[in-house]
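Engineer: Next one to model:
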Amino acid sequence: MSETDDILFERRGGAGIVILNRPKALNAITHAMVRALAAKLHEWADDDAVTRVIVTANGERAFCAGGDIRALYDLITAGRQQEALSFFREEYTLNAAIKRYPKPYVSLIDGIVMGGGVGISIHGSHRVAGEKYAFAMPEVSIGFFPDVGATYALPRLAGEIGTYLALTGERLKAADAVLAGAATHHVKSHRFADLTDALCGSDPVNAVLADFMESAGPGEVMPRRRMIDRTFSQASVEAILGALRTESQKVTDQAEWSARTLQTIAGKSPTSLVLALAQMRYGRTRSFEACMAAEFRIVSRIVYGCDMMEGVRAVIVTKDNAPRWSPPDLASVPGDLIDRHFAALPDGEWERT
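Structural biologist: Numbers count the residues shown, from 1 in each chain. All right, here's what the predicted structure looks like:
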């Protein structure tokens, strides 16, 4: 048993099993859960009897819908930004531990996986998508930015799919996730229990997954790959919106999709959109460690800004869904915004303090 019943641990055969256990909260990650998982992974890494880690979740709706944003909102509202940053530092350190993990790390995802849930799954060696799988990084909708290693992971999805996801917050279902690279395998939901049992045996993880995996079909997003690559490869958010506007005015079967995507992006935080696009371009050629350091630099400024607080208020607290962004439009975003948010921290970097 862990220090919190919100996350449970078991040993079955050669497997260490992690069970996210906040189904009523869509298994949102708390600070205590981050600490408990980090400690257990460290323990299992040194245990020769544990040959693989399996991450699962209780509840039918979500694997993990993200971090506990309301708790972070309350900390920042109370002027306790440094406590909020302590959470992000430990969460990012956990993401890095998963990325470097020396044993197979298998996430069984059947439901919503967003934000912090992406962070504890996408960096592992195997990501198995069930039929209810729904992947998203919707942070620009709340004045935040795609973090938990998204700076590294999203640019490594197929083409410009990662940029599209970062700027729209749209979801990938199982088929698109496998085709784009967010998931490594698709397994029918009703077979997850049997798959878990098989993974607890001594057969190699890859062999077990090969026995269970099935095709998830052509997807809904990947068939639009050419359009996404063409429009989301532009150098600025304004240029992306311009490309979508041009496509929406053509007499093609893509016009409606372009118009809808244009409208979706229009409601996001201008500051978050500019930062998210900068992340996608930065992360293409940087190491995982450099990307995580950049994210901690960004979040260290974001927690003292206003858009995150306003976005969380509008979406989670008052739920009026009418955020008042500052600045209110892309034209008003300061020219030095990216430099200020990506600049080195004066009091030390992410893993050195």
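Engineer: Pull the contacting residues for the residue nearest to G14 when sequence neighbours are not counted.
Structural biologist: Spatial nearest neighbour of G14, chain neighbours left out: T51 (4.0 Å); criterion: Cβ to Cβ, 6 or more residues apart in numbering. For every residue, glycine as well, the C-beta is placed using N, CA and C. Listed by Cβ atoms under 8 Å, 6 or more residues apart in numbering, the contact set of T51 reads 14-15, 103-104, 202.
Engineer: Between these, which sits nearest S300?
Structural biologist: Ranked by distance to S300 (Cβ to Cβ), the contacts of T51 are led by K103 at 32.0 Å.
Engineer: correct me, but the closest one touches R52?
Structural biologist: Yes: here K103 reaches R52: they are 5.6 Å apart, a contact under Cβ atoms under 8 Å.
Engineer: Between those two, tell me which one has more neighbours.
Structural biologist: Set K103 next to R52 and count neighbours by other Cβ atoms under 10 Å: R52 wins out with 22 against 19.
Engineer: Which residues lie in contact with the more buried one in this structure?
Structural biologist: Neighbours of R52 in contact, by Cβ under 8 Å, 6+ apart: 14-16, 103-106, 199, 205.
Engineer: Mind checking which of those residues are in strands?
Structural biologist: Among those, the members falling in strands (DSSP state E) are 15-16, 105-106.
Engineer: Can you show me the helices along the stretch 1-150 of the chain?
Structural biologist: Remark: helices assigned in the stretch 1-150 of the chain by DSSP state H, counting those that start in this stretch are 31-45, 69-77, 81-99, 116-119, 150-153.
Engineer: what helices or strands is the third one leaning on?
Structural biologist: For helix 81-99, the elements it packs on are helix 31-45, helix 69-77, helix 116-119, helix 288-302, judged by 3 or more Cβ pairs under 8 Å, 6 or more residues apart in numbering; DSSP states H and E.
Engineer: By mean pLDDT, show me the worst of these.
Structural biologist: Note on the helices and strands packed on helix 81-99: lowest mean pLDDT is at helix 69-77, with a mean of 93.
Engineer: Which elements pack onto that one?
Structural biologist: So helix 69-77, by 3+ Cβ pairs under 8 Å, 6+ apart, packs with helix 81-99, helix 307-312.
Engineer: and it with helix 81-99, angle?
Structural biologist: Compare the direction of helix 69-77 with that of helix 81-99 by axes from the mean of the first three to the mean of the last three Cα atoms, to 10 degrees and you get 140 degrees.
Engineer: what angle do helix 69-77 and helix 31-45 make?
Structural biologist: Between helix 69-77 and helix 31-45, the angle comes out at 120 degrees (the same axes, to 10 degrees).
Engineer: In helix 69-77, which residues are buried?
Structural biologist: By 16 or more other Cβ atoms under 10 Å, the buried positions in helix 69-77 come out as 69, 72-73, 75-76.
Engineer: can you give me the strands for the chain?
Structural biologist: Shown for the chain, the strands assigned by DSSP E span residues 7-12, 15-20, 52-57, 62-64, 105-109, 112-114, 126-129, 134-136, 172-173, 185-186.
Engineer: JSON lines please, covering those strands and showing distance to A28.
Structural biologist: Output for these, formatted as JSON lines (distance: least, Cβ to Cβ, whole Å):
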{"stretch": "strand 7-12", "distance to A28": "11"}
{"stretch": "strand 15-20", "distance to A28": "9"}
{"stretch": "strand 52-57", "distance to A28": "11"}
{"stretch": "strand 62-64", "distance to A28": "7"}
{"stretch": "strand 105-109", "distance to A28": "15"}
{"stretch": "strand 112-114", "distance to A28": "9"}
{"stretch": "strand 126-129", "distance to A28": "19"}
{"stretch": "strand 134-136", "distance to A28": "14"}
{"stretch": "strand 172-173", "distance to A28": "20"}
{"stretch": "strand 185-186", "distance to A28": "25"}
